[in-house]
Structure formats: structure tokens, C-alpha cells
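Undergrad: After the sequence you'll find the predicted model.
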Amino acid sequence: MSEAAFPIDENHRHLWPRRFPFEFSGGQRTRLALAQLLATRPDVLVLDEPSTGLDTVSRHLLIEALVAVRDRGVAVLLVTHDEHIAGELGDVVHRVGDGRLLRGTSGSITRPVTAPHVSCGEKQTHTAPPEVGVLVADRLELRMSRTQVLSDASFAVRRGEMVGLVGASGSGKTSLLRAIAGLTPVAGGSVALDGVSLPRLSRRSRATMADVQYVCQEVRASFEPDRPVLGQVARTAVRLRGVAPEAARAEAVQILERLDLSIEQARRHPDGLSGGQLRRIALARALIAHPRVLLCDEVTTGLEKPLAGLIIDTLDARCRDFGTTVILAGHDLRAMVDRVHRLIVLDRGEITDDLPVGDWARASPALLRLLAADGIVEGAGE
């Protein structure tokens, strides 16, 4: 597994062979799949978005591992939105758009790849939201098999606040969001909305389901494969808000178009859409519920910078114009520090930081490592 850039926490090494796939994060599962492939000593390696769900440190380790594989003579075909990885690994780089080759020939070398600079949304100067804790997590504990996934996690998020949830791959970000969404039973502690404890999802009223919406990391599995996605988005408004079907469909089209998705794309089945398109459709499905709290897990992963910026702009507008509370989990710290009010940092299941953006003097070593890896601060902390 070390060949696949998969550092293992020595304290839990003995537990890894006993874990099931669902007990690993998305980024960890990606690296496990790569380790499985490398064990066969292939001559050709085809990789589809291998850096998805990885923090910056893990992404650098992945690049080093793939460079070593390439230097051993293995042919690597890499499909990615990550310009940095393409530039580091690609001897020949092709760009594809609308199903056609846009640039590059079999004999051309276009390395390094440099894309036009596109800001992930304009940097905002936020007005601090009201000092009212809409969503409060109190001493949350979560275990999977014999592993402590979350330990004593406590925080409060205010109305209209956008909070970035960051941490290394496998630190517990998805587990925390799933616990808030009611999808994973907690071993201790509680989550409350306006002072009312939130039960498991199966016991929540439709109003509460609408209030707390979750956009998961692996969105394809959240769609019914045999139905057009437009109907699935509209159905959320019908079920959770009681909107008439035709009105719900019209609202769904409007939201999808704001996320740069055409009516033709919306009429497709999930198998006819890319992962990035489905990610935006899943966000539209959550937004049409008119949530008070929106939980977003890697919603910009696998998207070009303009589309990632569009999503961040959309979330920012929801916070500002509707008072929606957003928890945004991800690895793009550069984009986050421009847009979120504050950062919550997870490290091995524990919250190490909960501080305003820019207050790096109080940052933990875990946060300093992440900031340094993205070039936001110098040094990695001790």
C-alpha cells in the first residue's frame, strides 16, 4: 500500500485488514483500489480521477507514487481535471471537450500544462452572521467496528454562516456530515437544530428532512438509475414542500440552469451524465428543498475551476440572501479561505481547530500542515 501513497496510522495498523470498504473514506478507497491494481504489476494503468477526495498532502504523495510507476516503464493513461497532476505526469497531454479532442496530437508534448487563471469566485468580505447557533453538535461520538471515528466533537454553526470542514483524507469529515444528516447512528452526544435534538433520518419529519439537506461525496449511488434526473430533482420539492408537480419541475429547471446544466442534460438518466454533472444535479436536488442547513461533501471535486467557482458562488448567495447555513467539506483550502467565515479542522476524528479564517496564529499543527501544503502559510508546523 505504500506504493499507492497510502500512509497507515501505526496505532491502527492491526485493524486495517479487518475493515470493510464502507469504513474507509472516499479518498482512502481510491488509493486502496490503486494499491490493488499495482499489486498485479500491470504494463498499462488506466486511472480515472485518482486524486478525487484527497487532501493536498495525499495528492503530492500520489503524484510521487505515480511518477515512480511511470519511471518503471508502466504506461499510464490518466483522466483528470487536476492540471497539476497532468503537468507532473503527462508526457503527452490531450484536452477533450464535447466528446472531441480539442488540443494535442499523439506526437505532441504539452508539458507542463498551464490553464488560464480562473478565480474560484471573487473573494468576499463577509459580514459576520448573527450570534445564534442554528445547528449545534454536542460531544458527538461515532464508532465503526472497533475504530473510533469521531471523538467528543462539539461545535455550533450560525444562521447564514458558511463553515469550511477540512482535514486529511480519512480524518472523519464525511462521518461527521453523515451523523448530522441522520444517516449514521452516533455512539454518544447529540445534534440539535434550534435546540431540538435531531433523530435518525428515518424518524425525521418531512419538514425536518427539508431543513437539513446533505449532498454526499459519491453522488451517483444517490440517484435512481432508470429515471431522468429532472424528475428526481423536482420530486424533492413535491415530497418535502408539497409543491405541485408542474411547479416543482419548473423550479428544478431554473435551479439546474443556474448551475450550468441544460434541459437536455436534465432529461438524461444518471448513466448518461458525468460525475461532475451529477454532483451539480445533487446540489440542485438539495437546494430545491429550501434547506435551512446544507451539508456539502466534496461538491466541487472533479469540476473545472469555473464550475467550482459557480458552485461556491451559489452557496455564498444562499447564505447571504436566504440565511442558509452551509457546512462545506473539502480539500481545496485556497478556495475555502476566500469564501468561508471560519474553518473547523478534523484530525483523526478529533476537532483540533474552530477559528475564523486568517487567524492562523492559533492554528494547530494539523491545520498548519494543510495550509503549508497549499502554499497559504510557510512551514508545516511541528
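TA: Everything's here; your move.

Undergrad: Averaged over its residues, which helix or strand of the protein has the lowest pLDDT?
TA: strand 100-103 (a mean of 67; mean pLDDT, DSSP states H and E).

Undergrad: Next SSE downstream of it?
TA: strand 133-144 (DSSP states H and E).

Undergrad: The helix or strand following that next one versus strand 133-144: what angle between them?
TA: Per DSSP H and E, the first helix or strand lying C-terminal to strand 133-144 is strand 147-158. When axes from the mean of the first three to the mean of the last three CA atoms, to 10 degrees is applied, the directions of strand 147-158 and strand 133-144 differ by 180 degrees.

Undergrad: Send me strand 147-158 as PDB with only the CA atoms.
TA: What follows is strand 147-158, C-alpha atoms only, in PDB (Å, rounded to 0.1, in the frame of the first residue of the first chain):
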ATOM      1  CA  THR A 147     -12.400   2.100  15.300                       C
ATOM      2  CA  GLN A 148     -13.200   5.400  17.000                       C
ATOM      3  CA  VAL A 149     -14.200   7.600  14.000                       C
ATOM      4  CA  LEU A 150     -15.300  10.700  15.900                       C
ATOM      5  CA  SER A 151     -14.400  11.700  19.400                       C
ATOM      6  CA  ASP A 152     -16.000  14.400  21.500                       C
ATOM      7  CA  ALA A 153     -16.900  16.600  18.500                       C
ATOM      8  CA  SER A 154     -18.600  19.800  19.600                       C
ATOM      9  CA  PHE A 155     -19.300  23.000  17.600                       C
ATOM     10  CA  ALA A 156     -22.100  25.400  16.700                       C
ATOM     11  CA  VAL A 157     -22.900  26.900  13.300                       C
ATOM     12  CA  ARG A 158     -25.000  30.100  13.000                       C
END
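
Undergrad: That one pairs with which strands, and in what direction?
TA: Applying DSSP bridges, strand 147-158 is found paired with strand 133-144 (antiparallel).

Undergrad: now the partner strand, how far from the centre of its chain.
TA: 20 Å (CA atoms, centre = their mean, to the nearest Å).

Undergrad: May I see the buried residues of that strand?
TA: Across strand 133-144, burial judged by 16 or more other CB atoms under 10 Å covers 133-137, 140-144. Placement of C-beta: from N, CA and C, glycine included.

Undergrad: would TSV of the residues you listed with distance to residue 322 and pLDDT be doable?
TA: Shown next, in TSV, are the buried residues of strand 133-144 (distance: CB to CB, whole Å; pLDDT from 0 to 100):
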residue	distance to residue 322	pLDDT
133	18	66
134	13	89
135	15	96
136	20	96
137	22	96
140	27	96
141	32	95
142	30	94
143	36	90
144	35	82
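
Undergrad: could you dump these to TSV with distance to residue 151?
TA: TSV is the format used below for those (distance: CB to CB, whole Å):
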residue	distance to residue 151
133	21
134	24
135	19
136	18
137	12
140	8
141	6
142	8
143	9
144	13
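
Undergrad: which residues are contacting stretch 67-76?
TA: Residues from elsewhere that reach stretch 67-76 (CB atoms under 8 Å, 6 or more residues apart in numbering): 3, 38, 42-45, 47, 66, 88-89.

Undergrad: out of those residues, which are inside helices?
TA: Applying DSSP state H to the contacts of stretch 67-76, the entries found in helices are 38, 66, 88-89.

Undergrad: which intervals of this protein have sub-threshold pLDDT?
TA: 1-20, 22-27, 53, 98-99, 102-133, 379-382 (pLDDT under 70).

Undergrad: hey, where'd the strands end up in it?
TA: 44-48, 75-79, 95-97, 100-103, 133-144, 147-158, 162-166, 188-193, 196-197, 212-215, 293-297, 325-329, 342-347, 350-356 (DSSP state E).

Undergrad: For those, give me JSON lines that also has distance to residue 260.
TA: JSON lines is the format used below for the strands of the chain (distance: least, CB to CB, whole Å):
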{"stretch": "strand 44-48", "distance to residue 260": "22"}
{"stretch": "strand 75-79", "distance to residue 260": "21"}
{"stretch": "strand 95-97", "distance to residue 260": "14"}
{"stretch": "strand 100-103", "distance to residue 260": "18"}
{"stretch": "strand 133-144", "distance to residue 260": "29"}
{"stretch": "strand 147-158", "distance to residue 260": "28"}
{"stretch": "strand 162-166", "distance to residue 260": "21"}
{"stretch": "strand 188-193", "distance to residue 260": "31"}
{"stretch": "strand 196-197", "distance to residue 260": "37"}
{"stretch": "strand 212-215", "distance to residue 260": "16"}
{"stretch": "strand 293-297", "distance to residue 260": "17"}
{"stretch": "strand 325-329", "distance to residue 260": "19"}
{"stretch": "strand 342-347", "distance to residue 260": "28"}
{"stretch": "strand 350-356", "distance to residue 260": "31"}
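
Undergrad: measure residue 305 to residue 332 for me?
TA: 10 Å (CB to CB, to the nearest Å).

Undergrad: wait, residue 31
TA: Distance from residue 31 to residue 332, by CB to CB: 19 Å.

Undergrad: Neighbour count for the two, which is higher?
TA: For residue 31 versus residue 332, the count of surrounding residues by other CB atoms under 10 Å is larger for residue 31: 25 against 21.

Undergrad: What sits closest to the residue nearest the centre of the chain if chain neighbours are left out?
TA: Nearest to the mean C-alpha position of the chain, by CA atoms, centre = their mean, lies residue 298 at 0.8 Å. Leaving aside its sequence neighbours, residue 298 sits nearest to residue 217 (CB to CB, 6 or more residues apart in numbering; 4.5 Å).

Undergrad: what about residue 94, how many neighbours?
TA: Look at residue 94: counted by other CB under 10 Å, it has 14 neighbours.

Undergrad: With that, I have no additional questions.
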